[in-house]
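**Student:** Using only what follows, build the 3D model:
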Amino acid sequence: MNAIEFILAGMLAAATPFLLAALGELVAERAGVLNLGVEGLMAFGAVLAFIIVYQGGGHLLGFVVAGLGSAVLSLLFALVTLGFRANQVAAGLAIGILGQGLSALFGKTYESLTVRGLPKLALPGLSELPIVGGLFVQDIVVWISLAATLALWAIFAYTKLGLIVRAVGENPKAAHAIGYSVISVRVLAIAFGGAMAGFAGAYASVVYTPLWADGMIAGRGWIAIALVVFGTWLTGRIFLGACLFGAVSLMGLAAQATGLDVPSQLLSSLPYLVTIIVLGIISADRRLLKLNGVASLGEPFER
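**Tutor:** Below is the predicted model of the structure:
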């Protein structure tokens, strides 16, 4: 397997934690809520899933517990920001720190332990194609995340539910005036975002790299938040961005495997360098941000 085949084969799996967390953050931001605690929510979900799987509960139960646990933690963020109208940036950072602290506490006795991952599922015929065949050999969570991306795109594009979420984010006062509960919609959007962050963390700890190490999320939550801006709040672009960052995260391993004399520190920093560069390019286009941005993002709602 050459470097290109290696990157293509692992790109979707590497992109899945980014994608799941970014889809959850997309829903929250579409509803007008900026949650910067994604990193901590992912870490909390990761440790819960690992503990469940290590104790013999199975991957399905691990994902369920991770999603529920991170959703509950995100509801604390909802209480502070929607109930007490606290600053969303400060509250999100606090929840992120709390989630990371809880993951370090709960995972202390499981440090460096491993669990069994999930088997790969190949699409007949497509998986045998030269060069790109590895794209079609993935675990079931990758396929579910792709289906979730399509479902979320369809919801925002064609359903009343998607229209309500977008209305609450764009003009909450108008949405309230026509009878929609802005607070309820935002609470549900925050809980959904928290659950997706928990799923993303669970995938990272029990499937992608099935071991526990403190700090293993390693900035993926921050990249997921950046992906929403990178994708200009559009599902398809977020998916492409997740694939880009997934491929970039594998370039270091591919470069080392080919014998390139490049410092490992530089290779490991590639995803973060790309994040800074891409955000700089996107932010320079004010017209694009204004066209697809959320008008009331981060602003508290008052009846």
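**Student:** got the residue ranges for the strands in this protein?
**Tutor:** Using DSSP state E, the strands of the chain run over 120-122, 137-139.
**Student:** Please identify the deepest-packed of these.
**Tutor:** Ranked by mean neighbour count, the strands of the chain are led by strand 137-139 with a mean of 20 (mean count of other Cβ atoms under 10 Å). (Each C-beta comes from the backbone N, C-alpha and C, glycine too.)
**Student:** Parallel or antiparallel, which strands does that strand pair with?
**Tutor:** In the sheet, strand 137-139 lines up against strand 120-122 (antiparallel) (DSSP bridges).
**Student:** Let me see the residues that make contact with the strand it pairs with.
**Tutor:** Phe136, Val137, Gln138, Asp139, Ile140, Trp143 (Cβ atoms under 8 Å, 6 or more residues apart in numbering).
**Student:** With pLDDT added, can I get those in a markdown table?
**Tutor:** Shown next, in a markdown table, are the contacts of strand 120-122 (pLDDT from 0 to 100):
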| residue | pLDDT |
| --- | --- |
| Phe136 | 93 |
| Val137 | 92 |
| Gln138 | 95 |
| Asp139 | 95 |
| Ile140 | 96 |
| Trp143 | 96 |
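**Student:** Looking at the residues you listed, spot the one nearest Met216.
**Tutor:** Proximity of those to Met216 (Cβ to Cβ) peaks at Asp139, which lies at 18.0 Å.
**Student:** Can you name the residues that contact the closest one?
**Tutor:** Counting by Cβ under 8 Å, 6+ apart, Asp139 touches Ala13, Gly117, Leu118, Pro119, Lys120, Leu121, Val207.
**Student:** since we're on Ser296, how many residues are nearby?
**Tutor:** The number of residues packed near Ser296 is 18, by other Cβ atoms under 10 Å.
**Student:** Of the contacts of strand 120-122, which pair is most distant in space?
**Tutor:** Greatest spatial distance in those: Phe136 and Ile140, 13.3 Å, computed using Cβ to Cβ.
**Student:** more neighbours, the two?
**Tutor:** With neighbours defined as other Cβ under 10 Å, Phe136 and Ile140 compare such that Phe136 has more, 20 against 13.
**Student:** thought Glu271 was touching Phe245?
**Tutor:** Careful, residue 271 is Pro; it's not Glu. Yes. The criterion here is Cβ atoms under 8 Å, and Pro271 meets it with Phe245 at 5.5 Å.
**Student:** With distance to Leu279 added, can I get the contacts of strand 120-122 in CSV?
**Tutor:** Listed next are those as CSV, based on distance: Cβ to Cβ, whole Å:
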residue, distance to Leu279
Phe136, 31
Val137, 32
Gln138, 28
Asp139, 30
Ile140, 32
Trp143, 30
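**Student:** If we only consider these, which is nearest to Gly221?
**Tutor:** Nearest to Gly221 among the contacts of strand 120-122, with distances taken as Cβ to Cβ, is Asp139, at 21.3 Å.
**Student:** hmm, back to that, going through the contacts of Asp139, which ones are buried?
**Tutor:** For the contacts of Asp139, a neighbour count by 16 or more other Cβ atoms under 10 Å gives the buried set as Ala13, Leu118, Val207.
**Student:** picking up where we left off before, with distance to Ala21 added, can I get the strands of the chain in TSV?
**Tutor:** Compiled in TSV, the strands of the chain are given as follows (distance: least, Cβ to Cβ, whole Å):
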stretch	distance to Ala21
strand 120-122	22
strand 137-139	17
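**Student:** And those strands: which comes nearest Ile7?
**Tutor:** strand 137-139 (14.0 Å).
**Student:** wait, isn't Val182 in contact with Ala174?
**Tutor:** No. Shown here, Val182 and Ala174 do not form a contact pair, counting by Cβ under 8 Å, at 9.9 Å.
**Student:** Since that was my last question, I'll sign off now.
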